[in-house]
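> No sequence on hand, only this structure:
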């Protein structure tokens with residue numbers, strides 16, 4: 001399978017970026033997205049931004065939850081992924097579980113590394 005960093009480096013993605021940003025290949029960047037900006041059902045390893053990771057912690061918020069997921073290839077950086085209670089049951093989301101999802105490239109925002117979002 002491919003890691004997120006490899007997928008980003010290997011492909012050109014249509015993403016929004018901060019005003020005046022000009023990124024060259026190999027530039028250090030920070031990616032920002034909302035916890036709901038992912039695809040969980042039907043995400044396949046062939047998706048350009050396919051990710052796999054391990055659920056570290058779950059915060060329940062009524063009918064939804066935020067799962068903190070340690071993603072392979074992100075050097076320990078975790079992502080907050082939003083799941084409905086039904087999705088948690090359907091996809092086996094629990095602490096310590098492996099999860100698979102894809103990020104929505106149309107919702108990613110790119111900034112120079114170290115820049116304020």
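Nice, I can see it. These numbers come from a predicted model, not from an experiment.
> you'd agree residue 114 is up against residue 30?
Yes. With contact defined as Cβ atoms under 8 Å, residue 114 reaches residue 30; the gap is 7.4 Å. For glycine as for every other residue, the C-beta is placed from the backbone atoms N, C-alpha and C.
> and these two? which has more neighbours close in?
residue 30 (14 against 8; other Cβ atoms under 10 Å).
> in the sheet, who's paired with the more buried one?
residue 111 (DSSP bridges).
> That one and residue 111 touch, don't they?
Yes. If you go by Cβ under 8 Å, residue 30 and residue 111 touch, sitting 4.9 Å apart.
> what's the span of stretch 70-80 from first residue to last?
Distance between the two ends of stretch 70-80: 9 Å, counting by Cα to Cα, to the nearest Å.
> Can you name the residues that contact the most centrally placed residue in the chain?
Central residue of the chain (Cα atoms, centre = their mean): residue 103, 4.9 Å from the mean position. Going by Cβ atoms under 8 Å, 6 or more residues apart in numbering, residue 103 touches 4, 33, 37, 38, 39, 49, 51.
> Name the helix or strand of this structure that has the lowest mean pLDDT.
Least confident helix or strand of the chain, by mean pLDDT, DSSP states H and E, is helix 4-10 with a mean of 38.
> low-scoring stretches of the chain, by residue?
1-22, 42-48, 76, 115-117 (pLDDT under 70).
> Partner strands of the top strand by length along the chain and their direction?
Across the chain, the longest stretch assigned as strand under DSSP state E is strand 50-61. Strand 50-61 sits in its sheet next to strand 64-71 (antiparallel), strand 98-103 (antiparallel), going by DSSP bridges.
> If anything else comes up later, I'll come back, but that's it for now.
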